[in-house]
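**Student:** Pasting the sequence and the predicted model now:
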Amino acid sequence: MKAHVSKLATTLITLTLAITPAMAKEEVIIVQPVGEYAKINMKPCMETLRALDTGSTSLQDRTIDEIKANPSKYNPVVFYHMSKVLFDKNQKDDAAFWFYAGQLRARYDANRCADISARSAVAVLNQQFGSPINRYTMQDLPKLEETVNKVLAFDEKTAHDYDNRWINLHGMNSMIDSMEGEQNKKQELSLPQSQWASIAKQTRDDYLKGFKEAMVELKARK
C-alpha cells in the first residue's frame, strides 16, 4: 500500500511528521493540495521550522526568542521542534514546557478538525519528540506537575492566532481530494467555530484528567 499525502504534508513528514507511524514506512507520493487545502497557510510554520532545524546557532536562538515573545502566532508543530532544540541545548526544563504546550495545542487542533483521520498526527509528533523529554521529566514528578499546570494556564490565556487547519493536511480527505483533483469541492475542514471554546475547555480538562491518572500510576511505582 502507498501513502498519498499533500506536498506540504510531505515537507512536514521529512521533518518528522507523518500521517501514521505505519504509513511513515511506506512509499510517499507527492501531490499538490487543492481546493480548501491549498489555502492553508503553512508558510510561517515552514520558515520557522527551517530556522530551528537547519539554522545556525544564532539563528536558532533568535527564532526561539521570537516564538517565546509571540507564541500565539505559531502552530504546535513549531513548539515540538523548538522543544528538541532546547533539549539539545541542555535547557531541559524549558524544553519540557514547550513540548507539553505543543502537545496540548495539537490535541485541541485535532479535536476541532473535521477529518478524524488527521488526528493521528498528534500521536506521531508525540512519538517523535516525546521519549527523551518524558524520561527527563519523570525523574522529578513534583516538577512535572508544576510544568503541566503552567502549560494549562499558558494555553488558556494564549490565543491561537495561527492556521489551525495545518492538521488537515495529514488526513485522508486531503489526500483523496488531491489525488482526484477536487478543486472546487465544498467542505468544512474544521468543526463550527461556535464550538471551539467548549472544545478548548474540554481538551484542557481531558488533558489534566489524563495527566492526573498517569501521575497516580507513576507515584505508585516509586
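**Tutor:** Great, that's in hand.
**Student:** Now do the host helix or strand of Val77: which elements does it pack against?
**Tutor:** Here Val77, judged by DSSP states H and E, is contained in helix 76-88. Under the contact criterion of 3 or more CB pairs under 8 Å, 6 or more residues apart in numbering; DSSP states H and E, helix 76-88 touches helix 43-54, helix 57-69, helix 92-111, helix 121-137. To be clear about C-beta, it is placed using only N, CA and C from the backbone, and glycine gets the same treatment.
**Student:** List the contacts of it.
**Tutor:** Residues outside helix 76-88 that contact it (CB atoms under 8 Å, 6 or more residues apart in numbering): 12, 15-17, 45, 48-49, 52-53, 60, 63-64, 67, 71, 92, 94-96, 98-99, 101-103, 105-106, 109, 125, 128-129, 132-133, 136, 166.
**Student:** about what we covered before: deepest-packed of the helices and strands packed on helix 76-88, please.
**Tutor:** Sort these by mean neighbour count, taking mean count of other CB atoms under 10 Å, and helix 92-111 sits at the top with a mean of 23.
**Student:** any idea of the angle that helix forms with helix 57-69?
**Tutor:** Between helix 92-111 and helix 57-69, the angle formed by their directions is 60 degrees, by axes from the mean of the first three to the mean of the last three CA atoms, to 10 degrees.
**Student:** From the chain's centroid, how far away is helix 92-111?
**Tutor:** On the basis of CA atoms, centre = their mean, to the nearest Å, helix 92-111 sits 7 Å off its chain's mean C-alpha point.
**Student:** Who are the packing partners of that helix?
**Tutor:** Packing partners of helix 92-111 (3+ CB pairs under 8 Å, 6+ apart): helix 76-88, helix 121-137, helix 141-157, helix 196-221.
**Student:** ranking those helices by burial, who's on top?
**Tutor:** Taking mean count of other CB under 10 Å, helix 76-88 is the most buried of the helices and strands packed on helix 92-111, at a mean of 24.
**Student:** That helix: how far from the chain's middle?
**Tutor:** For helix 76-88 - counting by CA atoms, centre = their mean - the centre lies 10 Å from the chain centre.
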